[in-house]
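Q: kindly return the folded structure for what I paste below:
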Amino acid sequence: MTIRVLIADDHAVMRDGLTALLAANPEIEVVGAVANGREALRLAVESKPHVVIMDIAMPELNGIEATGLLCERCPEARVVMLSMHSDAEHVYRALDAGAAGYLLKDSAGEEVVSAVRAVQLGRQYLSSALAGLERRAAPRASPLASLSSRERQVLQAYYRAGYDHVNVRPPGFEFLTGRDFSGRTVSLSGGGLIVDWPTYEAYQWPDPDAADYGVFDALAAVLPDGMKLIAYGPGGVLENVIQIVGFEQLCFLLADDPDMIECVFEAVGETLVRYYEIVAAHPAVGACIDNDDWGFKTGTMLSPRQMREYVFPWHKRIVAAIHAAGKPVILHSCGHFERILARHTFGGDSDPYLVLGIPADLPFDEVRRAYRKLVAENHPDRLIAKGVPPEFIAVANEKLAAINDAWDNIEKDPERVH
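A: Down below sits the predicted model:
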């Protein structure tokens with residue numbers, strides 16, 4: 001996807017420099033460059049940019065005033081404020097007006113590109129020189145004002161399809177990664193930002209307490225009767241560690257510097273635990289999805305021993321945090337993990353959480369064998385976290401029985417499979 005960028009700055013040298021810098025990047029298209037806030041508004045309505053780089057001090061209409069109007073007229077556009085001012089007052093005025101990012105004019109060219117990418121993905125970005133400032137989201141006048149037309153459409157689609165829930169997570173709350181998503185394929189080993197202790201110390205971790213959860217309030221205000229929200233995370237523990245470090249680099253560091261990798265897992269894990277503590281407590285949330293990717297088609301991403309050491313303990317804590325709010329947990333992972341299925345339950349015999357992983361492209365016969373082996377060795381109640389309301393378990397067991405019956409019928413009459 002090409003990122004469409006509009007530049008607004010009253011200094012021609014700055015406009016030309018930014019245009020040349022961004023136009024040299026194949027991911028970015030500069031749709032215009034203007035000298036004042038009023039022209040920025042006019043051209044934004046016409047060209048529909050994804051990102052607007054906005055100077056604060058401009059004639060006719062300054063950047064902060066223009067940003068407030070731009071957020072009303074072009075709500076899909078994300079604004080990166082560009083300024084020579086590094087004091088907290090200017091930064092917070094820009095964020096309060098609706099800016100998604102704030103860059104200092106002496107920022108390196110690479111940081112400008114990083115800011116454009118970050119805000120286009122829904123994240124908040126502050127210049128690295130402002131690392132000491134507390135991040136905060138712009139206040140919203142009304143919860144409903146934060147709900148986009150797309151989010152309303154998704155809610156209605158779920159409702160009309162007969163679902164009693166809609167999945168949601170706060171926009172912009174993500175772990176920063178250098179991975180390139182512009183190509184036809186994405187490398188698991190690309191884009192690692194943490195490769196040693198200095199880069200670990202410099203990494204900007206997302207703050208769950210500073211995230212904007214307005215979408216939860218907005219959806220809660222328009223939820224049809226009988227519907228609840230299901231909150232999910234910005235990727236799982238292992239997924240995010242792989243994105244932050246890179247898979248190949250992770251494998252090397254597990255051998256060369258396990259202490260540092262343990263710190264990375266701890267930082268990711270603590271962030272996700274706190275995130276789920278917050279969203280699970282929302283009254284409109286009926287359940288949470290603890291999602292992660294643990295395996296390839298033929299095995300786990302890490303060895304079973306490493307999975308038990310680095311990954312599973314954090315999912316136990318996430319489950320405990322959600323249960324503490326009285327909400328059930330849906331455990332989800334992609335991949336094939338038969339090697340850990342037989343040996344691992346979340347919580348042991350007294351509080352079991354059994355995980356069943358079936359790759360989407362697994363042949364039907366193998367799916368049937370894996371499922372029946374699981375049911376034969378474990379009572380169906382063990383497939384669901386202990387503490388879930390009995391009526392939920394009863395419905396789940398009915399579904400399991402129906403699936404089993406369906407497979408029996410397919411075995412008897414394979415021609416019925418379409």
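
Q: got the contact list for the lengthiest strand in the chain?
A: Longest strand of the chain, by residue count under DSSP state E: strand 285-293. The contact list for strand 285-293 (C-beta atoms under 8 Å, 6 or more residues apart in numbering) reads 165, 167, 216, 228-233, 235-239, 276, 279-280, 301, 311, 315, 318-319, 322, 327-335. Every C-beta, even on glycine, is put in place using the N, C-alpha and C of the backbone.

Q: buried ones in stretch 164-173?
A: Buried residues in stretch 164-173, counting neighbours by 16 or more other C-beta atoms under 10 Å, are found at 165, 166, 168, 169, 170, 171, 172, 173.

Q: mind putting these in a markdown table, distance to residue 293 and secondary structure included?
A: As requested, the buried residues of stretch 164-173 are exported to a markdown table (distance: C-beta to C-beta, whole Å; DSSP: H, G, I helix; E, B strand; the rest coil):
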| residue | distance to residue 293 | secondary structure |
| --- | --- | --- |
| 165 | 22 | strand |
| 166 | 23 | strand |
| 168 | 20 | strand |
| 169 | 16 | coil |
| 170 | 21 | coil |
| 171 | 21 | coil |
| 172 | 22 | coil |
| 173 | 19 | coil |
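
Q: which one of those is nearest to residue 264?
A: Nearest to residue 264, judged by C-beta to C-beta, of the buried residues of stretch 164-173 is residue 173 at 18.4 Å.

Q: how near is the closest one to residue 233?
A: Between residue 173 and residue 233 the distance, using C-beta to C-beta, to the nearest Å, works out to 9 Å.

Q: same deal with residue 216?
A: The spacing between residue 216 and residue 233, counted by C-beta to C-beta, is 14 Å.

Q: ok, residue 274 touching residue 210?
A: No - judged on C-beta atoms under 8 Å, residue 274 makes no contact with residue 210 at a distance of 10.9 Å.

Q: how about the strands in the stretch 101-250 of the chain?
A: 101-104, 125-126, 165-168, 228-232 (DSSP state E, counting those that start in this stretch).

Q: got a markdown table for those, with distance to residue 220 too?
A: What follows is the strands of the stretch 101-250 of the chain, written out as a markdown table (distance: least, C-beta to C-beta, whole Å):
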| stretch | distance to residue 220 |
| --- | --- |
| strand 101-104 | 28 |
| strand 125-126 | 28 |
| strand 165-168 | 10 |
| strand 228-232 | 7 |
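
Q: as a markdown table, those strands with mean pLDDT would be great.
A: Written out in a markdown table, the entries for these read as follows (pLDDT from 0 to 100):
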| stretch | mean pLDDT |
| --- | --- |
| strand 101-104 | 90 |
| strand 125-126 | 88 |
| strand 165-168 | 90 |
| strand 228-232 | 94 |
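
Q: closest one to residue 195 among those strands?
A: Proximity to residue 195 (C-beta to C-beta) singles out strand 125-126 among these, at 21.5 Å.

Q: strand partners (parallel or antiparallel) of the longest strand of the chain?
A: The strands beside strand 285-293 in its sheet (DSSP bridges) come out as strand 228-232 (parallel), strand 329-334 (parallel).

Q: return the most buried member of those strands.
A: When you average the neighbours per residue for each of these (mean count of other C-beta atoms under 10 Å), strand 228-232 leads with a mean of 21.

Q: tell me the first helix or strand C-terminal of the host helix or strand of residue 54.
A: If you go by DSSP states H and E, residue 54 is part of strand 51-55. Per DSSP H and E, the first helix or strand lying C-terminal to strand 51-55 is helix 63-73.
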